[in-house]
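> Here is a sequence together with a model predicted from it:
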Amino acid sequence: MEGRVRSMTDGRPFRLIFAFAFPLMLGNLFQQFYTMTDTLIVGRVIGMDALAALGSVDWYNYLILSVIQALTQGFAILLAQDFGAGDGAHLKRAHAHSIRLCLLFTALFLLMVQMTLPATLRLLQIPGSIRPISLLYLRILFSGIPIQVLFNYCASALRSLGDSKTPLYAMLIASALNIGLDLLFILVFHWDVAGAAAATVTAQVTAAGIVLFVMRRLPQLRIAKSDYTPEKGLNRKLLLLSLPMVLQNVMISVGGMISMGVVNTLGVEFIAGYSATTKWIGVLEMAAVAYSYAVVTYMGQNYGAGRYDRIRQGYRASLLIALMTSLVLSAVFLLFGKTLTGMFLTGDAQRVQEAGDVALLFMRILGASLPLLYLLYVTRAALQGIGDTFAAMLSGVAEFVIRIFMSLVMIHMIGSIAVLLCEAVAWVFADIVLCTAFFMHMRGMGVFSGIRQRRKRSA
């Protein structure tokens, strides 16, 4: 188990970050593969209404998952900093306090989400013809919230110590299981969208079990009863790292839900076309998500170790990797957008044509804007890794404001294309906030002055 742990305070940043991120990318790829398979089966077997029903709640599903990820990743930032500083005793206390906070938030979150589901679907303005389908799907899917918290916290804790391979293995197994259960529950048992949700929850249980098994065997994360003894200020420190990230994701998601609420008023064909493209967003950003986890761990460990020079080096290396990846993906999705989005659409030719036109335009906008998204992920992760989750939250405010403006104001000026432009415009303003904040941190750490002094000495 010791071999799974990796220090990122020494070695070439480019190699470290890419080597850490690559298993995560594979895991994300397989996760997206089973998500796409799930969508293909729903769209092709059950029909366009079912596809629209699931697509109409994409943003709400993202809200719940992103809040869980933000909460658990925020706790893991302190674990990475303690690991980088070599403070094993405090790492274990932070781990124990994080577990207790996870249990508390899980209970509150599960109760709140299940109780408010009908009202939420009404607020999203989901058409009455597909609302029962959406409600059934989410009821089953969100019954797995405790499992999602367990998996995300265990995976985040492992990543904070440099282990990105275990979450990969967990996702590989869960992905294969999910696909098999999709085929069984939908094609054989004819459970329709309930089968898709049940397959996802069952796969999540498997993934959570794997990461929990490995985490409990790492000596760095093996805790005693004494580690649960309350330490003054520790819960507050963990929450100050996590809650801004939670608020950031809530604002991003609520802005997206408002946009989706507008989309849901534009007809089932528009919803289906929009959904056909949003199903590919996970693929578009899968590498960005992997890089962000790598950058958070790298920055957290080096910040804890006081290696500020390596923070700038790591950021530059991350930007280079992100730019190269985003350009390749942009080219693929711009060239093959029509084929990719058309995979999910079937039924009456006229309806498919209308939905396909929406999907293709949306895909082209997202593909052309992808480098902006990768810049966002890398810079936000860098700030989170050094403990500034507040600036990351401000970027969420910027995204929220832009999505509201585009969905509620610009739609009356330029029409439905406004909601298709929402994401790209929101990424621009979020990047401005994040890059400005990171530059100020680098200047505050004396990184730029150190560079100037080295240049003077070399001259």
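Sure, I can see it. Residues are numbered from 1 along each chain as shown.
> residues in contact with residue 359?
Residue 359 sits next to 273, 274, 276, 277, 337, 341, 342, 345 when contact means C-beta atoms under 8 Å, 6 or more residues apart in numbering. (Glycine included, C-beta is placed from N, CA and C.)
> Please list only the buried members of those.
With neighbours counted by 16 or more other C-beta atoms under 10 Å, the contacts of residue 359 contain buried members at 273, 274, 276, 277, 337, 341, 345.
> What does the pLDDT read for the fifth one?
To tie it back to what came earlier, the one meant is residue 337. In this prediction, residue 337 carries a pLDDT score of 78.
> now do the last one
Residue 345 is assigned 73 on the pLDDT scale.
> and it, helix, strand or coil?
What DSSP: H, G, I helix; E, B strand; the rest coil gives for residue 345 is coil.
> Tell me the spacing between it and residue 339.
Distance, residue 345 to residue 339, using C-beta to C-beta, to the nearest Å: 11 Å.
> So residue 337 sits against residue 360, correct?
Yes. At 5.5 Å, residue 337 and residue 360 qualify as touching, with contact defined as C-beta atoms under 8 Å.
> Is the closest residue to residue 372 other than its chain neighbours within a helix or a strand, and which one?
Once flanking residues are discounted, residue 372 sits nearest to residue 427: 4.1 Å by C-beta to C-beta, 6 or more residues apart in numbering. Element membership for residue 427 (DSSP states H and E) is helix 417-444.
> Going by neighbour count, list what's buried in that helix.
Judged by neighbour count using 16+ other C-beta under 10 Å, the buried positions of helix 417-444 are 418-427, 429-431, 433-434, 437-438, 441-442.
> What of stretch 218-231?
Result for stretch 218-231 [16+ other C-beta under 10 Å]: buried residues 218, 220, 221, 223, 227.
> now swap in stretch 233-241 and tell me
In stretch 233-241, counting by 16+ other C-beta under 10 Å, buried: 234, 235, 237, 238, 239, 241.
> How far off centre is that stretch?
22 Å (C-alpha atoms, centre = their mean, to the nearest Å).
> ok, the closest residue to residue 273 other than its chain neighbours - how many residues close by?
Distance criterion C-beta to C-beta, 6+ apart; nearest residue to residue 273, sequence neighbours excluded, is residue 358 at 3.0 Å. Residues near residue 358, counting by other C-beta atoms under 10 Å, number 26.
> Distance check, residue 358 against residue 24.
Counting by C-beta to C-beta, the gap from residue 358 to residue 24 is 32 Å.
> what does residue 42 give?
For residue 42 relative to residue 24 (C-beta to C-beta), the value is 27 Å.
> likewise residue 321?
13 Å.
> got it, and residue 39?
22 Å.
> Check residue 375 too.
Distance from residue 375 to residue 24, by C-beta to C-beta: 19 Å.
> Following element in sequence after the strand or helix carrying residue 168, please.
Here residue 168 sits within helix 165-182, counting by DSSP H and E. The helix or strand immediately downstream of helix 165-182 is helix 192-215, counting by DSSP H and E.
> The residue nearest to residue 205 when sequence neighbours are not counted - how many residues pack around it?
In space, and not counting its chain neighbours, residue 205 is closest to residue 147: 5.4 Å by C-beta to C-beta, 6+ apart. Residues lying near residue 147 (other C-beta under 10 Å) number 19.
> got the angle between the helix or strand hosting residue 147 and helix 192-215?
Using DSSP H and E, residue 147 maps to helix 145-160. Relative orientation of helix 145-160 and helix 192-215, computed by axes from the mean of the first three to the mean of the last three C-alpha atoms, to 10 degrees: 40 degrees.
> With just CA atoms, put helix 145-160 into PDB.
Taking C-alpha atoms only, helix 145-160 is exported to PDB below (Å, rounded to 0.1, in the frame of the first residue of the first chain):
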ATOM      1  CA  ILE A 145     -26.200  10.100  -2.100                       C
ATOM      2  CA  PRO A 146     -24.500   8.400   0.900                       C
ATOM      3  CA  ILE A 147     -22.600   6.200  -1.500                       C
ATOM      4  CA  GLN A 148     -21.600   9.200  -3.600                       C
ATOM      5  CA  VAL A 149     -20.200  11.000  -0.500                       C
ATOM      6  CA  LEU A 150     -18.300   7.800   0.500                       C
ATOM      7  CA  PHE A 151     -16.700   7.300  -2.900                       C
ATOM      8  CA  ASN A 152     -15.800  11.000  -3.400                       C
ATOM      9  CA  TYR A 153     -14.300  11.400   0.100                       C
ATOM     10  CA  CYS A 154     -12.200   8.200  -0.100                       C
ATOM     11  CA  ALA A 155     -11.100   9.000  -3.600                       C
ATOM     12  CA  SER A 156     -10.200  12.600  -2.600                       C
ATOM     13  CA  ALA A 157      -8.200  11.400   0.400                       C
ATOM     14  CA  LEU A 158      -6.300   8.900  -1.700                       C
ATOM     15  CA  ARG A 159      -5.500  11.600  -4.300                       C
ATOM     16  CA  SER A 160      -4.300  14.000  -1.600                       C
END
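> Taking helix 165-182 as reference, get the angle to that helix.
Using the same axes, to 10 degrees: helix 145-160 against helix 165-182 is 150 degrees.
> let's number from 44 now, not from 1
Understood, numbering begins at 44; the last thing we discussed is helix 188-203.
> Run the chain-centre distance for helix 188-203.
13 Å.
> Ok, stretch 64-79 next?
12 Å.
> Give me the residues contacting it.
So stretch 64-79 is contacted by 202, 207-208, 210-211, 213-215, 217-219, 221-222, 225, 246, 322-323, 325-326, 329-330, 332-334, 336-337, 364 (C-beta under 8 Å, 6+ apart).
> residues of that stretch that come out buried?
Neighbour counts over stretch 64-79 (16+ other C-beta under 10 Å) mark 64-79 as buried.
> Report the mean confidence score over it.
On average, stretch 64-79 scores 76.
> One more: stretch 163-174?
Averaged over stretch 163-174, pLDDT sits at 86.
> And stretch 397-409, by the same measure?
Mean predicted lDDT for stretch 397-409 stands at 86.
> measure the residue lying closest to residue 312 once chain neighbours are set aside to residue 318 for me?
Counting by C-beta to C-beta, 6+ apart, residue 397 is the residue found nearest to residue 312 once chain neighbours are left out, at 4.2 Å. Using C-beta to C-beta, residue 397 is found at 13 Å from residue 318.
> and what of residue 85?
For residue 85, the distance to residue 318 - C-beta to C-beta - is 10 Å.
> overlap in contacts of the two?
94, 97.
> These two: which is more packed in?
More crowded of residue 85 and residue 318, by other C-beta under 10 Å: residue 318, with 29 against 26.
> Who are the packing partners of the helix or strand where residue 303 lies?
Element membership for residue 303 (DSSP H and E) is helix 277-306. The contact analysis (3 or more C-beta pairs under 8 Å, 6 or more residues apart in numbering; DSSP states H and E) places helix 277-306 against helix 101-128, helix 131-166, helix 311-327, helix 432-448, helix 460-487.
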